[in-house]
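*Asks:* Can you look at this prediction? I've put the sequence above it.
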Amino acid sequence: MSKADLKSMSLEELQIFMGEIGEAKFRAKQVFEWLHKKQVSSFDEMTNLSKSLREKLNETGKISFAHAVEKYVSKQDNTTKYLFALENDNIIESVLMRYSYGNAVCISTQVGCRMGCTFCASTLDGVERNLTAGEMLSQIYEIQKDTGERVSSVVLMGSGEPLDNYDNVLKFIRLANDKNGLNLGQRHITLSTCGLIEKMYLLADESLQITLAVSLHAPNDEIRNRIMPISKKNDYERLIEACKYYSDTTKRRITFEYAMISGVNDSIDCARELSERLRNMLCHINLIPVNDVKERNYKKSSSETVESFAEFLNSRGIETTVRRKLGSDINAACGQLRKGYLEKRQK
Ligand code: SAH
């Protein structure tokens, strides 16, 4: 029989589990706090449980984990990139970014990705598997342990498409938010999606306070189809409708991410078309000069181009910011580090 992953269970699920193994319900809260408040990695560390219960837990349960195998600290800005090994030796990456308002962590939700965006290194070898909620939490817990500092916000922008791993990601959000655990406010969690429309409607109806970021990267279907294959099934008009539904339902402002690729999506005509498509929306645009990916022939737009694109959008009343680039000396972008590590390991 496969062991139950106790770290991915809500308190209620843990209570049911305790009942199933013939233990008192109140034990669930103790175990939950060990896992999510004290963040231990083994049952043997749960010292207020009897030895026999610890043995029983070892036999029936497991604790999902993420072990740091490599760590790179940027000399420019202290951004730190972690490579974590999971069960089955799967490798994922996470990034710690330090801001004046606190520490933000970017976590992965899948090993690899199957969305196929042509500018992204995470998707080059497809997806291997989904992460469990416990594995998503572990990335945060390990980074807190390593730095001795609290993580104050989390973005689901590492490798993987969060809405392609919907159930586990929802579990993760609720566990991270739990008062008996990390107690991270939902407003401090950002979920980024390439635009899986059906799942966006489901998410809108979950009554969450998280921020939704949508990777738009284009002003129309023609350009978007070229760089994001997922757009062929999830066309522009329906995507914008889904975004409107999300912000109308949750009253939360959507962030649109727009990676600026030289000669592909960065003309003033593109900015004009974008401003027309997003008119009257509760939104904010984040421009990101694309990180060059050596496997593809994409170059980032010049800073002048990015500035005039932003200026144009702002002049049309669409709030637009340019993302500050962190950790460029450590390949901190989108699956580049993991790919290098796997190539090294293969050799
Ligand atoms: N699958 C989700 C989240 C992971 S990617 C999504 O698509 O939103 C996080 C963000 O980084 C997305 O906006 C993605 O499009 C962007 N991204 C991927 N590769 C990039 C690159 N080379 N340069 C700049 N942004 C990139």
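*Replies:* Here it is on my side, so go on.
*Asks:* residues touching residue 306, list them.
*Replies:* Each residue near residue 306 by Cβ atoms under 8 Å, 6 or more residues apart in numbering is listed here: 260, 266, 287, 289, 322. The way it works is simple: take the backbone N, C-alpha and C, and place the C-beta from them, glycine included.
*Asks:* what helix or strand does it sit in?
*Replies:* helix 303-315 (DSSP states H and E).
*Asks:* could you pull out the helices for this structure?
*Replies:* In the chain, the segments counted as helices under DSSP state H are 11-20, 26-36, 51-60, 133-147, 166-177, 197-204, 221-227, 236-250, 268-277, 303-315, 336-346.
*Asks:* Measure how the third one sits relative to helix 26-36, angle-wise.
*Replies:* When you say that, I think you mean helix 51-60. Counting by axes from the mean of the first three to the mean of the last three Cα atoms, to 10 degrees, helix 51-60 points 70 degrees away from the direction of helix 26-36.
*Asks:* got the contact list for helix 51-60?
*Replies:* Contacts of helix 51-60 (Cβ under 8 Å, 6+ apart): 3, 4, 6, 21, 23, 27, 31, 43, 44, 46, 49.
*Asks:* next one: the fifth one
*Replies:* Residues outside helix 166-177 that contact it (Cβ under 8 Å, 6+ apart) are 8, 10, 36, 109, 130-133, 136-137, 140, 154, 156, 162-163, 181-186, 189, 191, 199, 202-203, 206, 208, 210.
*Asks:* Of those residues, just the buried ones, PyMOL syntax please.
*Replies:* Buried residues within the contacts of helix 166-177, by 16 or more other Cβ atoms under 10 Å, are selected in PyMOL with:
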select buried, resi 8+10+36+109+130+131+132+133+136+137+140+154+156+162+163+181+182+184+189+191+199+203+208+210
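*Asks:* Sitting in strands, which of the contacts of helix 166-177 do you find?
*Replies:* Counting by DSSP state E, the contacts of helix 166-177 place 130, 154, 156, 189, 191 in strands.
*Asks:* Tell me the residues of the stretch 101-250 of the chain that contact the ligand?
*Replies:* For the stretch 101-250 of the chain, the residues in contact with the ligand (Cβ under 6 Å from any ligand atom) are 115, 117, 119, 120, 157, 161, 192, 193, 194, 215.
*Asks:* show me what contacts residue 18?
*Replies:* Contacts for residue 18 were tallied using Cβ under 8 Å, 6+ apart; they are 24, 25, 27, 28, 31.
*Asks:* Now render the contacts of residue 306 as CSV, adding pLDDT and neighbour count.
*Replies:* Formatted as CSV, these follow (pLDDT from 0 to 100; neighbours: other Cβ atoms under 10 Å):
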residue, pLDDT, neighbour count
260, 96, 23
266, 98, 23
287, 97, 22
289, 93, 20
322, 95, 16
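*Asks:* Which one of those is nearest to residue 90?
*Replies:* residue 289 (30.3 Å; Cβ to Cβ).
*Asks:* Neighbour-wise, give me the winner out of the contacts of residue 18.
*Replies:* The residue in the contacts of residue 18 with the most neighbours, by other Cβ atoms under 10 Å, is residue 31 (27 neighbours).
*Asks:* on that earlier part again, top of the contacts of helix 51-60 by neighbour count?
*Replies:* For these, the largest neighbour count, defined by other Cβ under 10 Å, is 27 neighbours, found at residue 31.
*Asks:* Distance check, that residue against the ligand.
*Replies:* 32 Å (Cβ to the nearest ligand atom, to the nearest Å).
*Asks:* Just the pLDDT at that residue, thanks.
*Replies:* On pLDDT, residue 31 comes in at 98.
*Asks:* That one touches residue 42, doesn't it?
*Replies:* No: when contacts are counted by Cβ atoms under 8 Å, residue 31 is not listed as touching residue 42 (12.0 Å).
*Asks:* what's the neighbour count on the residue of the stretch 1-150 of the chain found nearest the ligand?
*Replies:* Among the residues of the stretch 1-150 of the chain, residue 120 lies closest to the ligand, at 3.5 Å counting by Cβ to the nearest ligand atom. When neighbours are counted by other Cβ under 10 Å, residue 120 registers 25.
*Asks:* my guess is it meets residue 113, correct?
*Replies:* Yes: in this structure residue 120 lies within contact range of residue 113 using Cβ under 8 Å: 7.2 Å.
*Asks:* Dump the longest strand seen in the chain to CSV, keeping only the CA atoms.
*Replies:* Criterion DSSP E: the longest strand present in the chain is strand 91-99. Taking C-alpha atoms only, strand 91-99 is exported to CSV below (Å, rounded to 0.1, in the frame of the first residue of the first chain):
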residue,chain,number,x,y,z
ILE,A,91,14.8,18.4,-9.9
ILE,A,92,13.0,21.8,-9.7
GLU,A,93,14.1,25.3,-9.1
SER,A,94,12.9,28.1,-6.8
VAL,A,95,14.0,31.7,-6.4
LEU,A,96,14.3,34.0,-3.4
MET,A,97,14.0,37.7,-4.2
ARG,A,98,14.7,40.3,-1.5
TYR,A,99,12.7,43.5,-1.7
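*Asks:* other SSEs contacting it?
*Replies:* On a contact count with 3 or more Cβ pairs under 8 Å, 6 or more residues apart in numbering; DSSP states H and E, strand 91-99 meets strand 80-85, strand 102-106, helix 133-147, helix 336-346.
*Asks:* what's the closest of the ones you listed to residue 296?
*Replies:* Nearest to residue 296 among the helices and strands packed on strand 91-99 is helix 336-346; the distance by Cβ to Cβ comes to 11.7 Å.
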